[in-house]
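Trainee: sequence plus predicted model, see below.
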Amino acid sequence: MEVDNCRIEIENSDSQDDCSVEVPIFDGSAREWVEAIEQVGLQVATDHHGDCCEKMIAYVNEPVHVWRNDSFVAAFPSEEIRITYGIDFRQVPAIASQWFCVTSLDKSLYSKQIALSRTFCIYEEVERMRNAGLIKGGSLENAIVCSASKGWLNPPLRFQDEPCRHKVLDLIGDVSLFARCGSQGLPVAHLVAYKGGHTLHSDLVRRLSGMI
């Protein structure tokens, strides 16, 4: 959304609970964040003298990759931000294998084709996660749920490949952690991922931070 200089504060509306503070998940996508940013608009960042801050952009100049078993995330030199992402859920026929490619990432494409994609989960794994004390706030209102035997439990999907697009959304958010010293979060590169996740995304950021 072209926000590259901001301060984020999270406040708990429940004064009785000082330990449970988290970013609202809303419907499992970034749609409400996009709408909120569009509503308030952006301001040009200035320094303490009132001068405009120079916008800095980092470029990937050589291939970088991280992997674990058959999963990997890589960044290749490119003249613009590109993303190629693949997922494989063969055990869940309704999802199966999907690929999504972004040839030139910009605000319009992000808001219309990526930010709307909701997080997803496999029904058969939900109970195990709940028993482990995870996803306590999860429901059919903030995620799309798919069963290996019954298919999607709360259709319709916003995109036929919504699960893969949400993985792209995750990647953009995780790699944005690279932002530092006034540079935008996403470095200019062709990001390629297969069966990735938050851990591998973060590992790539650590590698990039040590090189750029």
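Mentor: Ah, there it is. Numbering: from 1, shown residues only.

Trainee: surely C53 and Q184 touch.
Mentor: No. C53 lies out of contact with Q184 (Cβ atoms under 8 Å); the separation is 11.8 Å. All C-beta atoms are positioned from the backbone trio N, CA, C, and that covers glycine.

Trainee: spatially central residue for the chain, please.
Mentor: Centroid-nearest residue in the chain, with Cα atoms, centre = their mean: D170, separated by 1.9 Å.

Trainee: show me where the chain has its helices.
Mentor: 31-40, 107-109, 123-131, 162-175, 198-209 (DSSP state H).

Trainee: dump the residue contacts of the closest residue to C101 other than its chain neighbours.
Mentor: Distance criterion Cβ to Cβ, 6 or more residues apart in numbering; nearest residue to C101, sequence neighbours excluded, is T84 at 4.9 Å. Going by Cβ atoms under 8 Å, 6 or more residues apart in numbering, T84 touches W99, F100, C101, V102, H190, L191, V192, A193.

Trainee: kindly state the pLDDT recorded for T84?
Mentor: Reading off the confidence values, T84 has pLDDT 98.

Trainee: on that earlier part again, higher neighbour count, C53 and Q184?
Mentor: Using other Cβ atoms under 10 Å, the more surrounded residue of C53 and Q184 is Q184, with 18 against 12.

Trainee: now do the contacts for that one.
Mentor: Going by Cβ under 8 Å, 6+ apart, Q184 touches D4, K55, M56, I57, A58.

Trainee: distance of the second one relative to L42?
Mentor: The one in question is K55. Applying Cβ to Cβ, to the nearest Å, the value for K55 to L42 is 12 Å.

Trainee: that older thread, least confident of the helices of the chain, on average?
Mentor: Mean pLDDT is lowest for helix 123-131 out of the helices of the chain, coming in at a mean of 80.

Trainee: so where is the chain shaky, pLDDT-wise?
Mentor: 15-20, 135-138, 181-183 (pLDDT under 70).

Trainee: and the strands in this structure?
Mentor: Here the chain has its strands, by DSSP state E, at 64-68, 71-76, 82-89, 96-102, 120-122, 144-147, 151-152, 190-194.

Trainee: list the buried ones in the longest one?
Mentor: Of the residues in strand 82-89, those with enough neighbours to count as buried (16 or more other Cβ atoms under 10 Å) are R82, I83, T84, Y85, G86, I87, F89.

Trainee: ranking the helices of the chain by burial, who's on top?
Mentor: Sort the helices of the chain by mean neighbour count, taking mean count of other Cβ atoms under 10 Å, and helix 162-175 sits at the top with a mean of 22.

Trainee: quick check: angle from that one to strand 71-76?
Mentor: On the basis of axes from the mean of the first three to the mean of the last three Cα atoms, to 10 degrees, helix 162-175 is oriented at 60 degrees to strand 71-76.
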